[in-house]
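Participant: Structure for this input, please:
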Amino acid sequence: MRFRWLLVLASFLMAGLFAVRAFLSPAFFTANALIHPETNGGAEAGGISIPDPMSLLLGGGMTSDDGEQMIGVLKSRHISEAVMHDSVEWEGQQHLVADLVIDHLPKSFSPVGWAVNLLFPPDSLPTAEDKAIMTAKMMRENMLVEATEEGFISFSLGYYHAGLLQLVANGHLEELEEYYLKQKTAKAQRNVVFFTERADSVKRELDKATYTRARIVDQQQYRIFAQDQVYNYELDAQMELLKEMYITLVTSRESAIAQLKRETPMIQVLDPPRPPYDVQKSSFVVMGLLGGFLGLFLLSIWLTRRLWREDVQNMVAQFIAASSRTDYEDQ
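Facilitator: Now for the predicted structure:
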């Protein structure tokens, strides 16, 4: 009780420090999105199978291969680094997304980091590739992607700036859709391109043969000889062959286009990552109370140790004095 005012002062001082720190700490925003991938991989939920009753009883939903692949793609370095490499318009100017992420990080004073940079300055500035890798890794640490029991994909991403968070989250979804479309439709797309180019080539040959045949018939309609007749037969046969080839190629092209449409997945974003966001910010009231109790606890330990040491010293002194008095009396 002799040090009660010191305890009160330490408690208020620590509470004030904690409250100021909580008040100045930046808010952390979390954007949530719900994705419904309608692919040809699953019959029940369009690419992600609906969990069966047994899996629900045992805990956790069982997803199909398509759903697991899409979750893996969304978590991959390829997607996050591609987003960070993009150049976007921000406040009227073009900026690299990685630069924007670095610029909007909360500034914290680190004496150790400041001393290291002062003693060992970097040889060169980080490249765009280095910044993209660093920021992409940070974003993946603040990302959560999982399959829901209803067969959807839940996607959440967190950052310290609301506007930039929405831009980065939308960039992840756009990169996911572009990659997944290419990966799922690459073979069918190649077939469409091949049959289209081949049909156009045959069509040019057919037009050339048709023009030549019409021109010869026009020139020789009044004089037809045996050798001219043979040549006309050859042209007719060539034209018929080219016609059949063109019809076959056009039919194959239409089949390839139909196959491409069947294999093209539709990734629907049911709940896009837009406001309102989940906001996490330290409460200065709670942090103040926590700091007050912490200051009181630490100073109490220090005072207890000090008083205990004084008590021990007094006990030792009393023991020595008592021992000396006993020896004197014995003598």
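Participant: show me where pLDDT drops low in this protein?
Facilitator: Within the chain, the segments meeting pLDDT under 70 span 1-5, 38-66, 108-118, 120-124, 216-232, 265, 283-285, 324-331.
Participant: which strand of it spans the most residues?
Facilitator: As assigned by DSSP state E, the longest strand anywhere in the chain is strand 28-38.
Participant: Show me what it is packed up against.
Facilitator: helix 65-75, strand 153-159, helix 162-219, strand 266-271, strand 278-280 (3 or more CB pairs under 8 Å, 6 or more residues apart in numbering; DSSP states H and E). Where C-beta positions appear, they are placed from N, C-alpha and C, glycine not excepted.
Participant: Spit out the contact partners of residue 277.
Facilitator: 29-32, 162, 165 (CB atoms under 8 Å, 6 or more residues apart in numbering).
Participant: and the angle from the longest strand of the chain to strand 153-159?
Facilitator: If you take axes from the mean of the first three to the mean of the last three CA atoms, to 10 degrees, strand 28-38 sits at 160 degrees to strand 153-159.
Participant: Okay, buried residues for strand 28-38 please.
Facilitator: 28-37 (16 or more other CB atoms under 10 Å).
Participant: Using CSV, list the CA coordinates for it.
Facilitator: Backbone C-alpha positions of strand 28-38 (Å, rounded to 0.1, in the frame of the first residue of the first chain) are rendered in CSV as follows:
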residue,chain,number,x,y,z
PHE,A,28,-8.0,-4.1,-41.9
PHE,A,29,-10.7,-4.7,-44.5
THR,A,30,-11.8,-8.2,-45.7
ALA,A,31,-13.7,-8.6,-49.0
ASN,A,32,-15.8,-11.8,-49.4
ALA,A,33,-17.0,-13.4,-52.6
LEU,A,34,-19.1,-16.5,-53.4
ILE,A,35,-18.3,-18.2,-56.7
HIS,A,36,-20.4,-20.7,-58.6
PRO,A,37,-18.3,-22.5,-61.2
GLU,A,38,-20.7,-24.0,-63.8
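Participant: What lies in contact with that strand?
Facilitator: Contacts for strand 28-38 (CB under 8 Å, 6+ apart): 46-48, 66-67, 70, 148, 151-162, 165-166, 169, 173, 180, 265-274, 277-281.
Participant: related to what we said a few turns ago, would you mind putting the contacts of residue 277 into CSV with distance to residue 21 alongside?
Facilitator: Listed next are those as CSV, based on distance: CB to CB, whole Å:
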residue, distance to residue 21
29, 20
30, 22
31, 26
32, 28
162, 22
165, 23
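Participant: farthest-separated two in those residues?
Facilitator: Using CB to CB, the contacts of residue 277 reach their maximum pairwise distance at 32 and 162, which is 13.2 Å.
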